Every structure is written in C-alpha cells, then in structure tokens.
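*Asks:* sequence-free structure coming up:
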C-alpha cells in the first residue's frame with residue numbers, strides 16, 4: 001500500500017518584462033551614421049573637385065588677386081607697346097598695356113575716341129543673347145556661370161587675370177562697381193590644361209600675364225588653339241585666357257596717341273549683335 005501523498009505538478013511561472021522605453025537598435029544607428037559620413041565625404045570630394053581642384057595648378061589665389069586690386073596704382077604714361085615674334089612656327093603680335101584702365105562696355109568704341117588705347121571682345125554669348133560665364137559690368141551682374149575657369153577682373157583703375165572656379169574676385173569687383181568676365185584657360189601657372197574645347201584653325205586672341213605685365217596677344221595667321229597656347233607657354237606667359245573674335249577689327253594707340261588698326265577696318269563697326277557684345281575697352285586713366 002502506497003501511503004505517499006501525490007504531489008501536485010509544478011506550474012511554471014513565466015515572467016514577461018515590459019519596458020515602456022524602446023531600446024535603440026544599434027545596428028541601424030551605426031548604419032545611419034556610416035551613410036551620413038559617406039554622404040558628407042562625397043559632398044566634400046565634389047566641392048573640392050568643383051571649386052578647388054581644377055586639374056591644373058594656379059599661380060595666384062583669388063585672395064591674392066583681390067589684394068592686387070587694392071594695391072596702389074603704378075604711375076605710367078598711357079600707351080600700348082606692340083612687338084612681334086614667332087614661337088614654334090606660330091607668328092604672334094604682343095600688345096603690352098601701360099597706364100590704362102579696363103572696363104566692359106556694350107557700345108563699340110569710336111575710332112576717333114582718343115581716350116581708347118585698345119579694345120577687343122571679352123565674354124561669349126549664345127544666340128539668345130545670354131552670356132557664357134559669369135559677367136559683371138559696372139557692378140551689375142548679368143549672369144553667374146562658372147563653366148569657364150579663366151577670368152579677368154577690373155576695379156578702381158586696376159585689373160588682373162586669374163584661373164579659379166571661385167567667385168570671390170567677382171564678388172569683390174561687383175561691390176566696387178567694377179567689371180568681370182570668364183573665358184577659357186590657355187595657360188595657368190605656366191602649364192597647359194589637359195584639353196581644349198575649341199577646334200579648327202582660326203585667328204586667335206588672348207590676354208596674358210608675364211610677371212605683373214598684361215598683354216593682349218594676337219596670332220597673325222590661323223592657328224589651332226593647342227598651337228596657340230603652346231606658343232604662349234613657350235614664350236613665358238604665366239597665365240593666359242582666351243579672347244573670342246580673333247578676326248574682328250580693333251585698334252591700339254602708341255605713346256603719341258596715334259591709332260593703329262588691328263586687322264582690316266572693313267568690318268568696322270560691328271552691326272551684328274550691336275548692344276549685346278561686351279567689349280573689353282582699355283582707356284587712359
């Protein structure tokens with residue numbers, strides 16, 4: 001006979017803990033942080049490529065060119081000194097600019113205007129009359145476009161050329177009521193860009209710098225853009241930017257004020273795009 005009292009089976013006790021505050025899912029948090037870091041890195045790389053690393057070295061930073069635009073004016077007699085040379089089979093005429101101040105004007109200068117010592121084209125424009133590259137005239141902005149990396153800036157009787165995507169120099173001259181335009185790079189810090197965007201052989205023009213001396217440069221014959229830039233580099237230009245309208249008429253004046261034609265005056269005045277073309281005009285101070 002079994003006298004043992006049967007035991008009741010144990011009922012398991014199950015405890016369920018509840019936490020009113022959700023626990024962070026660390027793997028999602030880390031993933032989000034990594035994604036944000038990658039986005040920031042990509043944005044930084046894009047900014048550096050677009051605004052700093054342009055694939056070629058730069059001789060003068062924007063801040064340095066702004067300081068040049070603030071520097072005291074060097075007293076010089078107004079004149080353009082023309083010399084010629086042939087470099088690597090490219091015949092060139094050099095027009096050294098002395099004692100002049102630059103501006104951008106929409107009316108082509110009169111050949112009888114003795115205050116004008118040289119003039120040429122500056123920025124390009126599209127068939128709809130919109131301008132290519134940032135353009136400021138007498139403090140008024142006509143377009144903002146960094147697609148062309150060369151620039152010329154002028155304010156308070158001073159002028160500089162440079163290479164940069166930065167618009168700091170443009171902003172400075174705009175505040176001063178000056179002018180600014182952009183064009184293609186030909187030479188930057190004595191180097192040639194990796195490629196050129198204009199093909200074929202035509203008359204070529206440029207604004208270039210050797211030391212602190214600015215020159216207007218013209219080919220005497222039709223040349224490729226590569227041969228033109230190569231000759232400028234070989235001659236010793238530190239920086240040079242392209243000037244459109246190589247076959248267009250222009251003139252310069254010597255120390256005695258005598259006008260000398262650049263190409264035949266048969267095409268003067270330019271009636272097509274009158275009032276649209278932004279002329280780069282050098283006048284005596």
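*Replies:* Great, that's in hand. Keep in mind it's a predicted model, so treat the numbers as computed, not measured.
*Asks:* Quick one: the helices in the protein, in order.
*Replies:* The residue ranges that make up the helices of the chain, judged by DSSP state H, are 26-51, 62-70, 168-175, 225-235.
*Asks:* and the ones you listed, which one's lowest on average pLDDT?
*Replies:* With a mean of 57, helix 26-51 has the lowest mean pLDDT of those.
*Asks:* end-to-end on stretch 202-214?
*Replies:* This stretch, stretch 202-214, spans 23 Å end to end (C-alpha to C-alpha, to the nearest Å).
*Asks:* Start from the N-terminal end of the stretch 1-150 of the chain and give the strands.
*Replies:* For the stretch 1-150 of the chain, the strands defined by DSSP state E, counting those that start in this stretch occupy 79-87, 90-98, 100-105, 116-121, 124-125, 131-132, 135-137, 140-143, 150-155.
*Asks:* What is the third one packed up against?
*Replies:* In terms of contacts (3 or more C-beta pairs under 8 Å, 6 or more residues apart in numbering; DSSP states H and E), strand 100-105 is packed against strand 135-137, strand 150-155, strand 158-163, strand 179-183, strand 279-284. All C-beta spots, glycine's among them, are computed from the backbone N, C-alpha and C.
*Asks:* Between those strands, which one is closest to residue 215.
*Replies:* Evaluated with C-beta to C-beta, these place strand 158-163 nearest to residue 215, the distance being 10.2 Å.
*Asks:* tell me the mean pLDDT over that closest one?
*Replies:* Mean pLDDT, strand 158-163: 98.
*Asks:* and if you look at stretch 205-215?
*Replies:* Here the mean pLDDT over stretch 205-215 is 97, rounded to a whole number.
*Asks:* Please apply the same query to stretch 93-112.
*Replies:* Here the mean pLDDT over stretch 93-112 is 98, rounded to a whole number.
*Asks:* Any buried residues in that stretch, and which?
*Replies:* The neighbour-count check on stretch 93-112 (16 or more other C-beta atoms under 10 Å) flags 93-95, 97-105, 108-109 as buried.
*Asks:* Stretch 127-146 too?
*Replies:* Of the residues in stretch 127-146, 131-137, 142, 146 count as buried by neighbour count, 16+ other C-beta under 10 Å.
*Asks:* could I get the buried residues of stretch 93-112 as TSV with distance to residue 187?
*Replies:* What follows is the buried residues of stretch 93-112, written out as TSV (distance: C-beta to C-beta, whole Å):
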residue	distance to residue 187
93	17
94	14
95	17
97	17
98	22
99	25
100	22
101	24
102	20
103	24
104	22
105	27
108	28
109	28
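*Asks:* thinking again about what came up before, closest one of the buried residues of stretch 127-146 to residue 221?
*Replies:* Within those, proximity to residue 221 (C-beta to C-beta) peaks at residue 132, which comes in at 26.2 Å.
*Asks:* which residues does residue 163 bridge with?
*Replies:* In this entry, residue 163 is beta-bridged to residue 150, by DSSP bridges.
*Asks:* burial of it, as a residue count?
*Replies:* Using other C-beta atoms under 10 Å, the number of residues around residue 163 comes to 26.
*Asks:* and what of residue 188?
*Replies:* By the measure other C-beta under 10 Å, the count of residues near residue 188 is 26.
*Asks:* so how far is residue 197 from it?
*Replies:* 15 Å (C-beta to C-beta, to the nearest Å).
*Asks:* just residue 209 next, same as before
*Replies:* Counting by C-beta to C-beta, the gap from residue 209 to residue 197 is 22 Å.
*Asks:* who has more neighbours, those two?
*Replies:* When residue 209 and residue 197 are compared for neighbours, residue 209 comes out ahead with 19 against 10, by other C-beta under 10 Å.
*Asks:* Go ahead and confirm residue 280 touches residue 161.
*Replies:* No. Counting by C-beta atoms under 8 Å, no contact exists between residue 280 and residue 161, whose distance comes to 11.1 Å.
*Asks:* what sits in contact with each of the two?
*Replies:* 152, 207 (C-beta atoms under 8 Å, 6 or more residues apart in numbering).
*Asks:* ok, back up a step: so can I have TSV of the strands of the stretch 1-150 of the chain showing distance to residue 253?
*Replies:* As requested, the strands of the stretch 1-150 of the chain are arranged in TSV below (distance: least, C-beta to C-beta, whole Å):
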stretch	distance to residue 253
strand 79-87	6
strand 90-98	10
strand 100-105	10
strand 116-121	4
strand 124-125	26
strand 131-132	28
strand 135-137	23
strand 140-143	28
strand 150-155	19
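*Asks:* With residue 250 as the reference, name the closest of the ones you listed.
*Replies:* Using C-beta to C-beta as the measure, strand 116-121 is the one of these that comes nearest residue 250, at 5.2 Å.
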